[in-house]
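Undergrad: structure of the sequence below:
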Amino acid sequence: MKKTLIFLFVIISIHTIAANLDAYLIPYPKYLAYNVSESGEILESDINSNLTKKFLNNMLLEDMTGDFKMLSNFYGINSFKITLDTTNLKDQEYRLKISSDKVFIVGHDYPALYYAKRTLLQLLEYSLSENTTIPCLVIYDAPDFQRRGFMLDISRDKVPTMETLYQIVDYLASWKINEFQLYTEHTFAYKNHKTVWENSSPMTAEEIQELDKYCKERYIDLVPNQNSFGHMENWLEHDEYLDLAECPTTCQTIWGPSKRHSLDPTNPASLELMQELYAELLPNFSSTFFNIGCDETVELGLGRSSDTCRKKGKGRVYLEYLIALNEAANSNGKQTQFWGDIIVNHPELIPEIPKNMIPMVWGYDAKFPAGKNLPKFRDAGLDYYVCPGTSSWN
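TA: Numbering: from 1, shown residues only. Okay, here's the model as predicted:
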């Protein structure tokens, strides 16, 4: 009876530790195993969590390898070893081992080492928050997706301060997100278009450059995002841009009455505007990618482009403008991303999308038929993103 009680206590203890620790490991690693004694108890490390956290934060942004000798009297660690292994591990894959007085980190590359240090920080946070020791364990982890992105709307919602953006980036980095986009319609301070942004607290070129550097230090790719077709109402509401509007007056769309929402793709001046904006915006980003938007073009074919759309087809007109925008992005050294919600309705045209373009395939909610739509892009030989909507729009 006594042995049974002891056995049950050990099982309960292990599950309690695991349950508490799980809440701190975001994302949860692919493999985690505890080191246990012969009696089945989880072994505890001698690591001083508070001092080790300070040490780790100081070296978090440093691309360093080696054996960092630490005084066991202060840290409880005799060896803190970081190494690279490009042979046995995959891109961004790492392994973290914690024994009673040693920490070993091995990663395929420097991003992998950074992610391992982030996981160790989560373990230290668990220890400090729960007022407990760090268990001896082994963690293996690698991403399912090479690029893991997050987009923040700074045009329909408030434009965050730089302090808030830095905080967001820190959160994303702790979750091992490695791509960040600021969805932009009119909230960049284009020098020739003050009328559009002057009352909108826009991001400046200098702020973008600072944020780009901050992201890069944390292995996050800050990807420029400028809508270039639909969602241009904050531009077209000003009469000086009205000549570019698909529907300068009300037209009936699938959303109901609408006007001044989308650019007229058959007007050469629409493309010229975007070429000007790209040339000013894109040099501020170190990323090789650029999201040109082009989603929800609900006015297309209902206004100034109606005759052309009747002759060529609405999908063809959309694709031709999309390709022209791609060429403008390429001329600025960027590979184009674009939202796939419009072209997916014209599957016969998907094979004509240039192979250097990346569809961002998204849906509004969990009912989005990804299994039906994704193969349309895959079969056309296109790399694509899967972009689930959070249904948090208002």
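Undergrad: hmm, residue 225 and residue 285 touching each other?
TA: No. Using Cβ atoms under 8 Å, residue 285 makes no contact with residue 225, being 9.8 Å away. (Each C-beta comes from the backbone N, C-alpha and C, glycine too.)
Undergrad: who's more crowded, the two?
TA: Legend: neighbour count by other Cβ atoms under 10 Å for residue 285 and residue 225, higher for residue 225 (26 against 22).
Undergrad: and the residue sitting nearest the centre point of the chain, what is it in contact with?
TA: Nearest to the mean C-alpha position of the chain, by Cα atoms, centre = their mean, lies residue 149 at 1.8 Å. By Cβ atoms under 8 Å, 6 or more residues apart in numbering, the contact list for residue 149 reads 177, 178, 179, 180, 181, 223, 385, 387.
Undergrad: please repeat the previous calculation with a cut-off of 6 Å.
TA: Taking Cβ atoms under 6 Å, 6 or more residues apart in numbering as the criterion, residue 149 is in contact with residue 179.
Undergrad: any idea what it is bridged to?
TA: As for beta bridges, residue 149 partners with residue 179 under DSSP bridges.
Undergrad: report the separation between it and residue 90.
TA: Residue 149 sits 20 Å away from residue 90, going by Cβ to Cβ, to the nearest Å.
Undergrad: need the strands for the stretch 51-200 of the chain, in chain order.
TA: Assigned by DSSP state E, counting those that start in this stretch, the strands in the stretch 51-200 of the chain fall at 66-68, 79-84, 94-98, 102-107, 137-141, 149-153, 179-183.
Undergrad: using PDB, write out every CA atom in the fifth one.
TA: Right, the one you point to is strand 137-141. Provided in PDB are the C-alpha atoms of strand 137-141 (Å, rounded to 0.1, in the frame of the first residue of the first chain):
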ATOM      1  CA  LEU A 137      15.200  18.100 -19.000                       C
ATOM      2  CA  VAL A 138      15.900  17.800 -22.700                       C
ATOM      3  CA  ILE A 139      14.100  19.800 -25.400                       C
ATOM      4  CA  TYR A 140      14.200  19.400 -29.100                       C
ATOM      5  CA  ASP A 141      12.400  21.800 -31.400                       C
END
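Undergrad: mind listing what that strand pairs with, with the direction of each?
TA: Paired strands of strand 137-141, with direction, are strand 31-34 (antiparallel), strand 94-98 (antiparallel) (DSSP bridges).
Undergrad: low-confidence stretches in the chain?
TA: For the chain, the stretches with pLDDT under 70 are 1-19, 70-75, 393-394.
Undergrad: try 80
TA: Along the chain, the model assigns pLDDT under 80 to residues 1-19, 69-78, 157, 389-394.
Undergrad: domain ranges for it?
TA: According to automatic domain parsing, the chain comprises the domains 2-141, 149-388.
Undergrad: so how many other residues sit close to the closest residue in space to residue 46 that isn't next to it in sequence?
TA: Spatial nearest neighbour of residue 46, chain neighbours left out: residue 76 (3.8 Å); criterion: Cβ to Cβ, 6 or more residues apart in numbering. Look at residue 76: counted by other Cβ under 10 Å, it has 19 neighbours.
Undergrad: give the contact list for residue 76.
TA: 46, 47, 48.
Undergrad: so which of those comes closest to residue 378?
TA: Taking Cβ to Cβ as the measure, residue 378 lies nearest residue 47 of these, at 46.2 Å.
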